[in-house]
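Colleague: let's see this in three dimensions:
(chains A and B)
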Amino acid sequence: MTKQQITEGEQRVLEEMDAISGRVSAEELSKRMGDKKERVISILNSLDQRKLVSLIIEEIPSYHLTEEGSEYTSHGLPEIRLFNAVKELHGKATMDDAVEKSGLTQRAQGIAINWARKKGWLKIGKENGDTVLETVTEDVDSDIEDLLSYLTKNSHIPENLDNVKQEALSRTLVEETTRKKFEAEITDRETVRSLISVQGGGVTHLTPSMITEGTWKEVEFRPFNVEAHPAPVFLGRKHPYAEFNDWLREILIGLGFEEWFGPYVETEFWNNDALFVPQDHVSREIQDQFRVDQPYSHGDISDNKYYKAVKSVHEDGGDTGSKGYQSTFSKEVSTRLCLRSHTTPVSMRFLHDHRLSPQKMFIIDRNFRSEKLSASHAMEFNQCEGIIMDANLTLKDLMGYITEIVESVGIKKMKFKPGQFPFTEPSIECFAKHEELGWIEVAPGGIFRPEVTAPLGIKDSVLAWGIGSGRLYMASMGISDIRDLYSKDLSWIRRNYFLR
Amino acid sequence: MIVECKIDDLLELIGTEMSIAKLEETLFLLKAEVEEVKGNQIQIEINPDRQDMLSAEGIARAVKSFIGINTKPHRYEVVASGKKIVAKRGLAKIRRYISCGIVKGLESHDELIKEYMRLQEALTSTHGRNRRNASIGLYVHDDLKFPVKYYAAKPEKIEFVPLGNEESMRAREILEKHEKGQEFGYIIDKFKKWPLLVDDEDKILSLPPIINSNDLGRITVDTENIFVEVTGTHLPTVNQALNIMLTSLVERGGTIESVEVHYPDGKSVVTPSLEPTKIRLDLGEVQSLTGLDLTTRQVLECLRKMGYGGKAIGKETIEVEIPPYRVDVLHIVDVIEDVAIGYGFDKIQPTMPETMTRGKLLPATRLKNKIRDLLIGAGYQEILSYILSSPEILNDKMLRDSDLVGTLNPKSRDYSVLRNSLLPILLEFISQNQHADYPQKVFEIGDIITPDKEKETRSRQVPSVAGVIIDSEVNLTNLMNELGFLLRNLGLDEDFSFTRNTNPAFIEGRYATIEVISESIGYFGQIAPIVLENFNLSKPVIGFEIEIPTKGTWNPA
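Modeller: Sure, this is the predicted structure:
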């Protein structure tokens, strides 16, 4: 048999209830304890589930006059006002005369006739084309009026007026609201007493004066239920995906990489041309790449010398020994604004400003592709990539760097295959063995083509690598829906965390 | 691009027994990936540089060399047919180039014809840039009367039965109603005259790049001799497409014949040209790019496995012969990559990195991390949102009218512009979380973007941080204390101040701007009920936003 555990709050509630005999309301308890009523109710609920107290919830209706109802309490019911008017006009009058006499409004007039006829007070007929009203009884009185006037001071309905409640409600003269009344009573006083006494005895709070005056020596402290399982609380915390990216940064700094950045809005020059992506390449079309057209559709290229060198490698290879694409190069296309489709233009901007070896740079940031948001596609995704520039670097070094990076993120088994990117040659793809997903492509890479580095006057090898960081994160979090990377669900974010 | 083949057919072309696993491994090392195997069907993903592998024939050709079944470089005999193609004036701006060839003694059955069509489609959609740069037509050679004429004709005068149809159609009708016309019509419909291919008896071969005629352009199982034409706007692409098409067709047998193309300026060209291109390769170049120390013999062996020819011309130099279908070779580095692939990526030993550099974070990242830590200490939950948002959230609901950087081709209006502020993003976030436990205290740190005419990219991008608190009761004094905590810990004790201000999105009298050294860096306040209504929020909200300096400090020095 497991020993009953009670929390400090439960202890206090039970103590209060033990002191009062019989039923006690949650309000009363909360007053006595100086605690919030909601908290007391929640404690009572928990005690009720464990059959220590029985919680009785009663729904108590209360009634209030609506705007219309309170208007009638001061002016009288419209049907009575109409009846009285006809009666004063000697028991018979045309509609117009009666209404004028009664002083009823247009709207109230309809209500008055309706109810006066329904209750059999007035008879309606036609004479010479006029609508004529005639009294049928001598005097009238209405329980509704009594109910309304009663409710101006009270919020319950006395038994003798219960029969007209429905009519008042359906005429929306009165509205009903219910309130829950929580009352509780101890089910088994003996058990409860033994529970609070086991916990009980002694002092709850150690006060500063007890310490300074030394009185703590004379007291015993009441034990605290230190085995209670804590309730979840939501304190300040990092976003799990941000934690993951922090972790990647830490790894790359450790490997000697310097962080860099670049703009989301790019010219196609930096996004594609500088990377030797042909100007008519399908990835540059609007199905794939976001174009920017508001408020400007084109930017410019500040380094004209560099622009000319890039143009020339596209057209005929320039002086790189390449054939180039043997087609015309358009400045209009080059200056067109887009949302960058990868982080590699940032590597180019870095190289533009850092042309001397050695350099190691990385970036973890957002990129954009013209996709509709779904479980498997997103218009925004993070990339983690970087470059290494030094004399005498080769494909073997690239494989070495990628091995280091990929092992640092916890992958043990990997293999390389040749790959293809317009801006690197040779190009490689690193596949990692994932426990559930099998072989997945995790790290693309390559050595920048001469057509990419020569326009900057760079002769040393530039190794480029990337990691499919979003995919790694999804795998480590067990996420299958890509929308969860930037989840809009606060409860999900509060529940989930990244552990390396 | 995915190529689908029949496994038995592929293995027969390769000419050896091979397990699927072995085939998969071989393709992996050859840059191709097996996507799916289902019964006798195999789907293979080909990288866009290897246009020559877009067919079972091309894949088999590459595998055969790689595993050593074929040890000779691929050379193609071309017999001169003496047949002529005459290109007339008027095509210069429309579709200038035409290159053709003939294949005789072709093997053909139903499956193969489909296979040829698939290669033709694949080549023209990728390499031919959706037929704009180059499109391919195949015809029954024996039904044609040479010379074939290529000229620009008025659309009103063109009428024929398109391939696969029974009724004759006018050219405009084909563009409007025929599936291919609708898809590719845009390439020619802006011109007054359209390109047309006819034979010597004026029978129509095709309306390039749209569709062949049913009379001459329908290959059947009885067709032994095929006439192949490629028209286009970019001559290198036109010739490359022709080379890949012809060399793939004869992979199963048959001979290639050349034709003479006569251009209106008097020049004539013999096509195809299947002579290998020659390029010199030094051993030093291989070493410096791949790190592999190889002898000329070894390099020659690697090249052979990749289908190249070549011979040593001196101790350290090789004259490489590039096969005519390898259209991706632009530079010697492309050949060197193939040396490495021929060597085997599985055999290359990675070397330990040696480049010594200092790792460091951006100053902005360090400042952002500091701010994140402080806000988390103050009890805020970090959230991350998309950079793309909507004018409704950023402007309309916030009663703002700011300029936004917008995209031409958004897939949805909800993600059509770049966020220029984070506070509205947070309000939208909490409006989606009204069922979650309160209080909710969230913050986001990230870049915001505004138009800027002076910048190269016409936009200004800076980091920003915003936070909001929503609960049944909110306390502006607490928020101000938290902001004080934040700013003091950022070293701004003496420099920050709050200035009462007005903003329609905030309750009058409960809004202030945050100044650092008399420059406004942000704002805070209690959100106006009208804005809460706009976001469908039913509890009071307070919040702030502060722009963060990209250089990582507010200190002007």
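Colleague: from here on, just use CA atoms for contacts and neighbour counts.
Modeller: Fine.
Colleague: show me where the stretch 151-300 of chain A has its helices.
Modeller: Counting by DSSP state H, counting those that start in this stretch, the stretch 151-300 of chain A has these helices, from start to end: A:165-170, A:189-199, A:208-213, A:240-254, A:268-271.
Colleague: what about the shortest one, average pLDDT?
Modeller: Which is helix A:268-271. For helix A:268-271, the mean pLDDT works out to 98.
Colleague: what is that helix packed up against?
Modeller: helix A:331-335, helix A:344-353 (3 or more CA pairs under 8 Å, 6 or more residues apart in numbering or on different chains; DSSP states H and E).
Colleague: for chain A, what helix or strand is lowest in average pLDDT?
Modeller: Taking mean pLDDT, DSSP states H and E as the measure, the helix or strand of chain A with the lowest value is helix A:189-199, at a mean of 75.
Colleague: packing partners of it?
Modeller: Helix A:189-199 is packed against helix A:8-19, with contacts defined by 3+ CA pairs under 8 Å, 6+ apart.
Colleague: can you list contacts of the helix it packs on?
Modeller: For helix A:8-19, contacts defined as CA atoms under 8 Å, 6 or more residues apart in numbering or on different chains pick out A:24, A:29, A:32-33, A:40, A:43-44, A:47, A:185-186, A:189, A:192-193, A:196, A:199, A:224-225.
Colleague: and the residue of the stretch 1-150 of chain A nearest chain B?
Modeller: Nearest residue of the stretch 1-150 of chain A to chain B, counting by CA to the nearest CA: A:Glu38, 14.1 Å away.
Colleague: that's a helix at B:Ile393, yeah?
Modeller: Yes - counting by DSSP: H, G, I helix; E, B strand; the rest coil, one finds B:Ile393 located in a helix.
Colleague: which ones are touching it?
Modeller: Applying CA under 8 Å, 6+ apart, the residues near B:Ile393 are B:424-425, B:428.
Colleague: can you rerun that using 10 Å?
Modeller: By CA atoms under 10 Å, 6 or more residues apart in numbering or on different chains, the residues touching B:Ile393 are B:399-400, B:414, B:419, B:423-425, B:427-428, B:534-535.
Colleague: which of the residues you listed fall in helices?
Modeller: B:423-425, B:427-428, B:534 (DSSP state H).
Colleague: among these, which two are most distant?
Modeller: The span of those, defined through CA to CA, is set by B:Leu423 and B:Asn534 at 14.0 Å.
Colleague: and the strands in the stretch 1-150 of chain A, which stretches?
Modeller: Shown for the stretch 1-150 of chain A, the strands assigned by DSSP state E, counting those that start in this stretch span residues A:24-25, A:53-65, A:92-94, A:122-127, A:130-135.
Colleague: can I get those strands in CSV including mean neighbour count, mean pLDDT and distance to A:Pro422?
Modeller: Shown next, in CSV, are the strands of the stretch 1-150 of chain A (neighbours: other CA atoms under 10 Å in any protein chain shown; pLDDT from 0 to 100; distance: least, CA to CA, whole Å):
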stretch, mean neighbour count, mean pLDDT, distance to A:Pro422
strand A:24-25, 18, 88, 76
strand A:53-65, 17, 87, 72
strand A:92-94, 19, 86, 95
strand A:122-127, 15, 84, 93
strand A:130-135, 19, 85, 92
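Colleague: reformat those strands as JSON lines; add distance to chain B.
Modeller: Formatted as JSON lines, the strands of the stretch 1-150 of chain A follow (distance: least, CA to the nearest CA, whole Å):
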{"stretch": "strand A:24-25", "distance to chain B": "25"}
{"stretch": "strand A:53-65", "distance to chain B": "24"}
{"stretch": "strand A:92-94", "distance to chain B": "51"}
{"stretch": "strand A:122-127", "distance to chain B": "49"}
{"stretch": "strand A:130-135", "distance to chain B": "50"}
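Colleague: save those strands as TSV, and put in distance to B:Glu319 too.
Modeller: Shown next, in TSV, are those (distance: least, CA to CA, whole Å):
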stretch	distance to B:Glu319
strand A:24-25	99
strand A:53-65	95
strand A:92-94	120
strand A:122-127	117
strand A:130-135	117
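Colleague: so which of those strands is nearest B:Ile102?
Modeller: Among the strands of the stretch 1-150 of chain A, if distance is taken as CA to CA, the winner is strand A:53-65, at 92.9 Å.
Colleague: tell me what the closest one is packed against?
Modeller: Applying 3 or more CA pairs under 10 Å, 6 or more residues apart in numbering or on different chains; DSSP states H and E, one finds that strand A:53-65 contacts strand A:24-25, helix A:37-49, helix A:67-75, helix A:143-151, helix A:165-170, strand A:174-186.
Colleague: dump the residue contacts of residue 42.
Modeller: Unless you meant another one, I'm taking chain A. With contact set as CA under 10 Å, 6+ apart, A:Ser42 has these partners: A:10, A:48.
Colleague: correction: the question concerned chain B.
Modeller: Applying CA under 10 Å, 6+ apart, we find B:Ile42 in contact with B:2-8, B:10, B:20, B:34-36.
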